[in-house]
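**Q** Here you go, sequence then predicted model.
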Amino acid sequence: MSSYSDSTAAGDNTARSAAPPIGQVLEIAGSGSRVVMDAARLNELQDHPDASIAMSGQVGSQVKMKVAGSWLVANVRTLRAGDEGGTVIANVDFLGEGQQNSSGAMTGFRRGVTRYPIPGAMVLPVSTDDMRAIFAADDSPHVEIGTVYPTEDIRGTLYVDPMLSKHFAILGSTGTGKSTAVALILHRISLLSPEGHIVMIDPHGEYSAAFKSCGELFNVDNLQLPYWLLNFEEHCEVLLTTQGAERQRDADILAKILLAARTKGKNVEQYGKVTVDSPIPYLLTDLNQILVGEMGKLDRAGDTTPYQRLKNKLDEIRADPRYNFMFSGMLVSDTMGSFIAKLFRLPSHGRPISIVDVSGVPSEVTSVVVSVLARMVFDYAIWSRTEAQRPLLLVCEEAHRYVPKDETSGGQAVRKILERIAKEGRKYGVSLGLITQRPSDLAEGVLSQCGTIISMRLNNDRDQACVRAAMPEGARGFLDAIPALRNRECIVCGEGVAIPIRVRFDDLEPEKRPASSDPSFAASWRETGDEEGIIQRTVRRWRGHGR
């Protein structure tokens, strides 16, 4: 470590690269190793005109070493003062290697390491040209989402096939630009694949504004989700109000009358074997009649309370106008085919995204509606396996609501189906995109199934620990930067990128942004006028549930 000028004078090939060495390898240990660097040299480099070289040696930056004819690239995870004065010890994680061409530059970078350097090997800064070689996108389908930090012009790319086939998660605290990042990624994927099939669950109604040009928007006014598409478990969540042993008794009664209602139709023989879960149209009046008939069969000593409970709930739902989008009208026709075609964009006619705004859905059935939509996606993929493949992407905003860590909370049907898609969806061509601001509240099994993780700033320690556990070993150095990320910056690692990267997202055109901007208190609190009209209109909408 005495002086690098000696080794430079010795004619070391590495010294001929753009910048002189900054240190040498101290210890090698699998994916992570230690290097010792010269503090004075690092300080000199901070004024270098090349932004990448100026950053080299700092936490989250890259350094390179030469092994035979290859350049080995590593990410700096931690720094501490060395035992000798003027030295800095760094822990580094190896990212991958590239070939050295005749001019000494790096080409053909790929993930993984074949040969490790020997202690004493020189450590050099990574230049912008090296970064260009590292992040150069290959020919496989990809979308550009922003610029790689700290460069100004190197594009950060996501490889669409690996990212979607192994699921992805977008994480970030409120106000970090998460919704805009989601809109940007989905817009870029839509441009690449205008005949795609994307279903997005939007619990706050903020994405409708972002996808007017390339998506179909569904809400309680036009969704028309047929109640008979619900399976038995979802029927239980809507119609049963009891717990424990009483719930089991109510469920047995519901199963019996539901099967009778499903098999009562005129041409039920055409469906073959009908079960309580089969998505076969039935009339609510039939269900009611069968329930009343069963209740009448009981002798006077029998307990009719469970039947009465079911009947009351059924009557309540049929009378409640909030449920019209699901339990509407006396006319029941077999609309399953047209519903699937409309929802899954088959064909998409250049509008590949369905935004399902569930903000107007009554809160007690929101999880059931999400469960039906997710299950339709999965079941369609299973039953269409013998047909031409039409892979589907299901994007779930506020995912911690539907797959919470707490297994005892309500909405078990939606939890089961989303966990199943996370585990098995890849085999059937179903991709899952999870968006959440609280990864620590999300079931661990689901986050660990996401092959690509896009993490924006997370302020909470528990959330950071969750992401750290889910990310691959080589990205640990990047993870330490998560609390320090600026708005609209993210760390991407996993299958969708060649190596972990820190990216600043591109600006999105105003008309493509979601309606999720924060109100300005200072500006709004200076304005006044028409308060009476505002209150009257608001109360009218409030009472009429948005009508």
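**A** Alright, I've got the coordinates.
**Q** Show residues contacting the longest helix out of those in the chain.
**A** Longest helix in the chain, counting residues (DSSP state H): helix 363-383. Around helix 363-383, the neighbours that count as contacts under Cβ atoms under 8 Å, 6 or more residues apart in numbering are 199, 201, 203, 225, 229-231, 234, 237-238, 323, 326, 340, 343-344, 356, 358, 361, 391-392, 394, 396, 401-402, 410-411, 413-414, 417-418, 420-421, 425, 428-430. All C-beta spots, glycine's among them, are computed from the backbone N, C-alpha and C.
**Q** now stretch 151-160
**A** Applying Cβ under 8 Å, 6+ apart, the contact partners of stretch 151-160 are 51-52, 128, 131-132, 135, 137, 140-148, 185, 189, 192-193, 452, 492, 495-498, 501, 503.
**Q** Now list the buried members of those.
**A** The neighbour-count test (16 or more other Cβ atoms under 10 Å) marks 52, 128, 131-132, 135, 137, 142-143, 145-148, 185, 189, 193, 452, 492, 495-498, 501, 503 as buried among the contacts of stretch 151-160.
**Q** Near Q437, how many other residues are there?
**A** By other Cβ atoms under 10 Å, 22 other residues sit near Q437.
**Q** cool, and the one 3 residues further on?
**A** When neighbours are defined as other Cβ under 10 Å, S440 has 18 of them.
**Q** Which of the buried ones among the contacts of stretch 151-160 fall in strands?
**A** 142-143, 145-148, 452, 492, 501, 503 (DSSP state E).
**Q** Which two among those residues are spaced furthest apart?
**A** T147 and T452 (18.8 Å; Cβ to Cβ).
**Q** ok, back up a step: could you tell me which of the contacts of helix 363-383 count as buried?
**A** By 16+ other Cβ under 10 Å, these give 199, 201, 203, 225, 229-231, 234, 237-238, 323, 326, 340, 343-344, 356, 358, 361, 391-392, 394, 396, 401-402, 411, 413-414, 417-418, 421, 425, 428-430 as buried.
**Q** Which ones among those residues lie within strands?
**A** 199, 201, 356, 392, 394, 396, 430.
**Q** Present the residues you listed as a markdown table; the columns should include pLDDT and distance to G69.
**A** Shown next, in a markdown table, are those (pLDDT from 0 to 100; distance: Cβ to Cβ, whole Å):
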| residue | pLDDT | distance to G69 |
| --- | --- | --- |
| V199 | 90 | 49 |
| I201 | 90 | 50 |
| V356 | 89 | 54 |
| L392 | 89 | 45 |
| L394 | 92 | 46 |
| C396 | 90 | 47 |
| V430 | 89 | 43 |
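**Q** For the stretch 251-400 of the chain, which segments count as helices?
**A** Here the stretch 251-400 of the chain has its helices, by DSSP state H, counting those that start in this stretch, at 284-297, 305-319, 336-343, 363-383, 399-402.
**Q** Now do the last one: everything it contacts.
**A** This means helix 399-402. 169, 203, 367, 370, 396, 411, 414-415, 418, 434-439, 441-442, 446.
**Q** ok, back up a step: which pair of the ones in strands among the buried ones among the contacts of helix 363-383 spans the longest distance?
**A** So, these by Cβ to Cβ: farthest apart are V356 and V430, at 16.0 Å.
**Q** Which parts of the stretch 401-547 of the chain are helices?
**A** All helices of the stretch 401-547 of the chain, identified by DSSP H, counting those that start in this stretch, fall at 412-428, 444-448, 461-470, 476-479, 521-524, 531-543.
**Q** residues of the third one that come out buried?
**A** Put plainly, it is helix 461-470. Those would be 463-464, 466-467, 470, for helix 461-470 by 16+ other Cβ under 10 Å.
**Q** ditto for stretch 43-61
**A** Going by 16+ other Cβ under 10 Å, stretch 43-61 has these buried residues: 45, 48, 50, 52-57, 59-61.
**Q** distance between the ends of that stretch?
**A** 15 Å (Cα to Cα, to the nearest Å).
**Q** got it, and stretch 111-125?
**A** 19 Å.
**Q** same question, stretch 490-506
**A** First residue to last in stretch 490-506 (Cα to Cα) measures 11 Å.
**Q** Number the chain from 44, please
**A** Okay, using 44 as the starting number, the last item reads as stretch 533-549.
**Q** can you give me how far it is from the chain middle?
**A** Relative to its chain's centre, stretch 533-549 lies at 14 Å (Cα atoms, centre = their mean, to the nearest Å).
**Q** and it, average pLDDT?
**A** Per-region confidence: stretch 533-549 scores 85 on mean pLDDT.
**Q** just stretch 558-565 next, same as before
**A** 73.
**Q** in the stretch 394-543 of the chain, which ranges drop under the pLDDT threshold?
**A** For the stretch 394-543 of the chain, the stretches with pLDDT under 70 are 451-454, 515-520.
**Q** roughly how far is stretch 349-363 from the heart of the chain?
**A** 38 Å.
**Q** same check, this time on stretch 471-484
**A** The answer for stretch 471-484 is 4 Å, by Cα atoms, centre = their mean.
**Q** Start and end of that stretch, how far apart?
**A** End-to-end distance for stretch 471-484: 28 Å, by Cα to Cα.
**Q** now do stretch 441-450
**A** Start-to-end, stretch 441-450 (Cα to Cα) is 17 Å.
**Q** Ok, stretch 186-202 next?
**A** End-to-end distance for stretch 186-202: 7 Å, by Cα to Cα.
**Q** Packing partners of the strand or helix carrying A212?
**A** Per DSSP states H and E: A212 is located in strand 211-214. Applying 3 or more Cβ pairs under 8 Å, 6 or more residues apart in numbering; DSSP states H and E, one finds that strand 211-214 makes contact with helix 221-235, strand 473-479, strand 495-498, helix 504-513.
**Q** Go through the ones you listed and name the closest to I296.
**A** strand 473-479 (34.1 Å).
**Q** what are the pairing partners of that closest one, and which direction each?
**A** Sheet pairing here is set by DSSP bridges, and for strand 473-479 it gives strand 211-214 (parallel), strand 435-440 (parallel).
**Q** how deep is K448 tucked in, by neighbour count?
**A** Applying other Cβ under 10 Å, I find that K448 has 16 neighbouring residues.
**Q** That one and L501: what is the separation?
**A** Between K448 and L501 the computed distance is 16 Å (Cβ to Cβ, to the nearest Å).
**Q** And S145, by the same measure?
**A** S145 is 45 Å from L501, by Cβ to Cβ.
**Q** How about D295?
**A** Noted for D295: a distance of 46 Å to L501, by Cβ to Cβ.
**Q** These two - which one has more neighbours?
**A** Legend: neighbour count by other Cβ under 10 Å for D295 and L501, higher for L501 (24 against 10).
**Q** Could you pull up phi and psi at M80?
**A** The phi/psi pair for M80 (degrees, to the nearest 10) reads phi -120, psi 160.
**Q** For it, name its beta-bridge partners.
**A** Residues in beta-bridge contact with M80 (DSSP bridges): G66, V131.
**Q** what's it in contact with, if anything?
**A** With contacts defined as Cβ under 8 Å, 6+ apart, the neighbours of M80 are 65-66, 100, 130-133, 166.
**Q** okay if I get those as CSV plus distance to A83 and pLDDT?
**A** Listed next are the contacts of M80 as CSV, based on distance: Cβ to Cβ, whole Å; pLDDT from 0 to 100:
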residue, distance to A83, pLDDT
I65, 10, 85
G66, 11, 86
G100, 12, 79
T130, 10, 85
V131, 10, 87
I132, 15, 88
A133, 15, 88
V166, 15, 89
